[in-house]
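Enquirer: this one's structure only:
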């Protein structure tokens, strides 16, 4: 079972992305490159948030080709945006419930995920009152409760200070080893990619230079 | 004064409710669409801001009069004209106050940005779901502002009412036209009372708007 991506197109006029790769649909794949290299664009295309010409096939299921385009709400991806991306008008608990209600039951149970993320004391809090690390853990917990087929992490550690970063890295490393779903991890940090990922796809100026 | 006050309040309330329903999808489209001609629509909906109310009133009067092709469509239902009726007044008010609903709603929808809607989409929420569970709650202060502005602006309307209302007591006579009549007949003390009520009401409405705006500016604890 693989995730096959072949994108070759433009986004919003100027930026051109050319990315072809095929990875096994298990384990962590790092998308590594400097800012503006197109790594977040690949992630957004995988989620269906942007449509760039090309094909995306996940475990034999066509998510996108010249005639098909599955909208993001039907792809079942867990997308953790930069800064975690919790809905600002809902408490942490309501954020979790938002994903849960739309996904239905699955392999990730609420009490297990909440305990694993250590966010039980934060459930009644608003996203604006959380620290960077707390928000990331809540964001990842919410992504898992969407019972995703694919977990997409966009620079989950970049907004954190050094201490919080080291803590979250340890936690993320353990967590990603436990969950049996494929993960794409966008980062510009080589050490982070080496620590978390089983394989690395390097991008530069909108092109894959090494995979 | 009681009857006039009731007519005024009823007109403002009906206009506010109808306009929030009409303006919401329009403002949403203006905020989200990427087509180049949307500003043409934006300008048309903003026209009542700069047109003299008598011009709006004049066109609405023509459109609702017995010679209008629009009224010919309603003929089978036994309606020959809506001029000089409360319904006609509501229709005129809808045009007159439209920009005051569109602007705050559009601004509120634009301020949400793409991100919260994208977040909801990745969690499996379709477009209607996203609109009701993300866009509406995040734009709630825009709705409050729009409601206050439309209500207050409709209470203050004069030119449109004069053109299509006919000033019929209990049906189409409102506070602003009553003042005009009172002054015409030199009954200044009664005019004073109504004027004071309107000044107080307008002040309260503007104060409420500023307080809402201040709450938007400060982050929640």
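Expert: That came through fine. In this text the structure is predicted, and so the values were computed from the model without any measurement.
Enquirer: contacts for stretch B:22-41?
Expert: If you take C-beta atoms under 8 Å, 6 or more residues apart in numbering or on different chains as the criterion, stretch B:22-41 is touched by B:42, B:45, B:94, B:98, B:101-102, B:105-106, B:109-110, B:131, B:135, B:146. In this view, the C-beta of every residue, glycine as well, is placed from N, C-alpha and C.
Enquirer: in the host helix or strand of residue B:202, what's buried?
Expert: Using DSSP states H and E, residue B:202 maps to helix B:188-217. Using 16 or more other C-beta atoms under 10 Å in any protein chain shown as the test for burial, helix B:188-217 gives B:191, B:194-195, B:197-198, B:201, B:205, B:209, B:212.
Enquirer: Chain A: which of those is nearest?
Expert: Proximity of the buried residues of helix B:188-217 to chain A, judged by C-beta to the nearest C-beta, is greatest for residue B:212, which lies at 15.9 Å.
Enquirer: That closest one is in contact with residue B:145, isn't it?
Expert: Yes: counting by C-beta atoms under 8 Å, residue B:212 touches residue B:145, with 5.8 Å between them.
Enquirer: So which bits of chain A are right by chain B?
Expert: A:47-49, A:71-79, A:81, A:85-89, A:98-99, A:102-103, A:126, A:128-129, A:142, A:146 (C-beta under 8 Å from any C-beta of the partner chain).
Enquirer: can you rerun that using 6 Å?
Expert: A:47, A:49, A:72-73, A:77, A:79, A:85, A:87, A:89, A:98-99, A:102-103, A:128, A:146 (C-beta under 6 Å from any C-beta of the partner chain).
Enquirer: Tell me the most packed of those, by neighbour count.
Expert: When neighbours are taken as other C-beta atoms under 10 Å in any protein chain shown, the top entry among the residues of chain A next to chain B is residue A:79 (29 neighbours).
Enquirer: which element follows whatever helix or strand that residue lives in toward the C-terminus?
Expert: Using DSSP H and E, residue A:79 sits within strand A:77-80. Using DSSP H and E, the helix or strand that follows strand A:77-80 in sequence is helix A:92-103.
Enquirer: Okay, buried residues for stretch B:126-144 please.
Expert: So, applying 16+ other C-beta under 10 Å, buried residues of stretch B:126-144: B:129-131, B:133-136, B:138-139, B:142-144.
Enquirer: Look up which residues are beta-bridged to the residue most central in space within chain A.
Expert: The residue lying closest to the centre of chain A (C-alpha atoms, centre = their mean) is residue A:152, at 1.3 Å. Here residue A:152 sits in beta bridges with residue A:79, residue A:184, as judged by DSSP bridges.
Enquirer: what residues does chain B put near chain A?
Expert: Neighbours of chain A within chain B, by C-beta under 6 Å from any C-beta: B:116, B:118-119, B:121-126, B:137-138, B:219-220.
Enquirer: 8 Å instead, please
Expert: Proximity of chain B to chain A (C-beta under 8 Å from any C-beta) is limited to residues B:115-116, B:118-126, B:129, B:133-134, B:137-138, B:219-221.
Enquirer: Let me see the contact set for the most centrally placed residue in chain B.
Expert: Nearest to the geometric centre of chain B sits residue B:97, at 3.4 Å (C-alpha atoms, centre = their mean). When contacts are counted by C-beta under 8 Å, 6+ apart, residue B:97 is found next to B:15, B:19, B:48, B:149-150, B:153-154, B:157.
Enquirer: Can you add secondary structure, neighbour count and pLDDT and give those back as CSV?
Expert: Output for these, formatted as CSV (DSSP: H, G, I helix; E, B strand; the rest coil; neighbours: other C-beta atoms under 10 Å in any protein chain shown; pLDDT from 0 to 100):
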residue, secondary structure, neighbour count, pLDDT
B:15, helix, 26, 96
B:19, helix, 28, 97
B:48, helix, 21, 94
B:149, helix, 21, 94
B:150, helix, 28, 96
B:153, helix, 22, 93
B:154, helix, 28, 94
B:157, coil, 26, 89
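Enquirer: For chain A, state which of those residues is nearest.
Expert: Ranked by distance to chain A (C-beta to the nearest C-beta), the contacts of residue B:97 are led by residue B:149 at 22.7 Å.
Enquirer: can I assume that closest one is in contact with residue B:101?
Expert: Yes: look at residue B:149 against residue B:101 with C-beta under 8 Å: they come within range, at 7.4 Å.
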